[in-house]
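J.: Quick one, structure for this:
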Amino acid sequence: MDILDIIRTRRSIRKFSTGSVDDALIEMILEAGRWAPSGMNNQPWRFAVVKDKEMKELLTGLTHYSTIVKSAGVLIPVFLNNGESYNRIKDVQAIGACLQNMLLEAHSLGLGAVWLGEIIKNGEQIRELLGADRDLELMAVLAVGHPSENPKTMKRKDLDDLIVFRK
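T.: Numbers count the residues shown, from 1 in each chain. Modelled structure (predicted):
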């Protein structure tokens, strides 16, 4: 599939069928995130991989989206490594690029995924539950699995409405 087709057809998937996500597919998603651009190539992202049902159950209590967390085949918390950060704005932007790469790769593999941001309000608790280093700050959790929904295409604003200057 052409990259623009992948971008245009990707949707946030919030309903997953039962079944685990193969470790090889998870590695491919992580690899896509690893290759995101970052300022000075500092690669400020760090990942956790949560497949364990008991750990997922603990995480369900830390978000309004507990049904998504519980039904996903795998959760991938994505952290900013503040210990290696040199410019917060650039590093947070790099994390966004990393997340987008991972979402696009999941879609290209036939998986569904959604970027959970509301859960970061409990980032400190999640970091502690996962035993992650204190320098790590939760930026998002990707819920990934085999989709059991097919969301409709969303309308986008016209490109001319988004361009503020062109000369």
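
J.: Just the buried positions in the longest strand along the chain, please.
T.: Assignment by DSSP state E gives strand 136-145 as the longest strand of the chain. Buried positions in strand 136-145, judged by neighbour count with 16 or more other C-beta atoms under 10 Å: 136-145. For every residue, glycine as well, the C-beta is placed using N, CA and C.

J.: Of these, which is the nearest to Ser17?
T.: Comparing the buried residues of strand 136-145 against Ser17 with C-beta to C-beta places Gly145 closest, at 7.1 Å.

J.: Low-confidence stretches in this structure?
T.: For the chain, the stretches with pLDDT under 70 are 1.

J.: okay, which residue is most central for it?
T.: Leu142 (3.4 Å; C-alpha atoms, centre = their mean).

J.: returning to that earlier point: which two of the buried residues of strand 136-145 have the greatest separation?
T.: Every pair of these checked by C-beta to C-beta; the farthest is Glu137 and Gly145, at 25.4 Å.

J.: which residues touch stretch 34-50?
T.: Here stretch 34-50 makes contact (C-beta atoms under 8 Å, 6 or more residues apart in numbering) with 26, 30, 33, 56, 59, 74-81, 84-87, 90-91, 94-95, 97-98, 100-101, 130, 132, 136, 139.

J.: could you flag which of these are buried?
T.: Buried among those (16+ other C-beta under 10 Å): 26, 30, 33, 56, 59, 74-81, 85, 90-91, 94-95, 98, 100-101, 130, 132, 136, 139.

J.: Narrow the residues you listed to those in helices?
T.: Using DSSP state H, the subset of these located in helices is 26, 30, 33, 56, 59, 90-91, 94-95, 98, 100-101.

J.: Is it possible to get CSV of these that adds distance to Arg46?
T.: Compiled in CSV, those are given as follows (distance: C-beta to C-beta, whole Å):
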residue, distance to Arg46
Ile26, 15
Leu30, 11
Gly33, 10
Lys56, 19
Leu59, 17
Lys90, 16
Asp91, 12
Ala94, 12
Ile95, 10
Cys98, 10
Gln100, 17
Asn101, 15
